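1. The sequence isn't on hand, but the structure is:
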């Protein structure tokens, strides 16, 4: 009996030593890329921790915050964030006086919550995320940006103007408005100004139960109630496939004059659908946003594909004649749209051992190579490995075999 108990104990210790992550209550998937993390989070903001206190009765901790900058979420709601009581339950261990980039989700009761499996990190360790956030916009406003929809409906930003100490961007027209001005507020509201009337057109940080009123051009006299109905729609157009998209419903006071608009971050409106006697769709055909074209021009990217794809590496299996000679295997992948790319090699336990490609890449075809070494330049042992491509909302994994002779 003692022998059996000792054997079981030794086996358990070996299990913990080999698979330490299995012994934790908190386990996380591979972290998302910044673009993905920003897209799925309800709030993203930079804040200094003023106090951090335990609430044992609720098995959680509460951080009181001073917000420095916010990209998603409502400023007045970002003064606190909850997390689990300890790291074993994925609770984040904030330190008073430190500044953090926080990714938070909104609970049913309206509270913000974060945890170890998000990209929440000290400001000093979040430079990659902050670099992405510098270019992030819920609706990109810059002179020269334009959107062309089906049936040759085009909207273009002509210039800027300051009114009442606020910076507006003037469009040639926007929906049925001629010569309107738009601005995006720090709390995620897109304002439209036509004449003396300014109104919230869409609110990216609205709760699903909220609604607000908008008026059409004075000569039409139409009015709608607007509501955010989704943040996770997928829209496919000639300009590309976009996920996740915000969907807003414009509900007409009468009948047969409702419509939906879908917005994609850093791009703007990707589709508008009118519901009346018949359904009329106006998907995005092309756009020029901050110097980038959607879809990417043939001149810039002659090999632009029609889809995202990660191909099988070649050769596979691959090997070396001697341990000193590094093998080389080629991995091809295709990007339908410009995207933040992360291509990496993982061992059979799911540990990332080598990053092959990382950063923002234009639409097109690419190839990368693995020489059989890890991040430190050491030769990896022979066996089964995996490689994964994350690009925007696309993710794909394939298996490869490294042989040693």
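-> Thanks, I have it. All values derive from a computational prediction rather than experimental measurement.
2. C-alpha from now on. contacts and neighbour counts both.
-> Will do.
3. Residue 374 touches residue 354, doesn't it?
-> Yes: between residue 374 and residue 354 there is a contact under CA atoms under 8 Å: 5.0 Å.
4. Break the protein down into its domains, please.
-> 26-129, 146-291, 309-404 (automatic domain parsing).
5. Could you tell me the phi and psi values at residue 236?
-> Backbone torsions for residue 236, taken as degrees, to the nearest 10, come to phi -110, psi 130.
6. follow-up on the earlier one: and the domains of the chain as CSV, adding mean pLDDT and distance to residue 140?
-> Compiled in CSV, the domains of the chain are given as follows (pLDDT from 0 to 100; distance: least, CA to CA, whole Å):
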stretch, mean pLDDT, distance to residue 140
domain 26-129, 91, 13
domain 146-291, 91, 6
domain 309-404, 82, 15
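7. Can you lay out the ones you listed as a markdown table showing mean neighbour count and distance to residue 136?
-> Rendered in a markdown table, the data for those read as follows (neighbours: other CA atoms under 10 Å; distance: least, CA to CA, whole Å):
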| stretch | mean neighbour count | distance to residue 136 |
| --- | --- | --- |
| domain 26-129 | 18 | 8 |
| domain 146-291 | 17 | 6 |
| domain 309-404 | 17 | 12 |
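8. among the ones you listed, which is nearest residue 137?
-> domain 146-291 (5.0 Å; CA to CA).
9. Do a quick rundown of the strands in the stretch 301-405 of the chain.
-> 309-310, 318-320, 329-335, 339-346, 352-361, 364-370, 383-391, 394-404 (DSSP state E, counting those that start in this stretch).
10. can you put those strands in JSON lines and add distance to residue 221?
-> Rendered in JSON lines, the data for the strands of the stretch 301-405 of the chain read as follows (distance: least, CA to CA, whole Å):
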{"stretch": "strand 309-310", "distance to residue 221": "48"}
{"stretch": "strand 318-320", "distance to residue 221": "70"}
{"stretch": "strand 329-335", "distance to residue 221": "45"}
{"stretch": "strand 339-346", "distance to residue 221": "42"}
{"stretch": "strand 352-361", "distance to residue 221": "45"}
{"stretch": "strand 364-370", "distance to residue 221": "46"}
{"stretch": "strand 383-391", "distance to residue 221": "44"}
{"stretch": "strand 394-404", "distance to residue 221": "43"}
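11. so which helix or strand takes in the nearest residue to residue 80 once chain neighbours are set aside?
-> When the adjacent residues along the chain are set aside, residue 80 lies closest to residue 64, with 4.5 Å between them (CA to CA, 6 or more residues apart in numbering). Per DSSP states H and E: residue 64 is located in strand 60-72.
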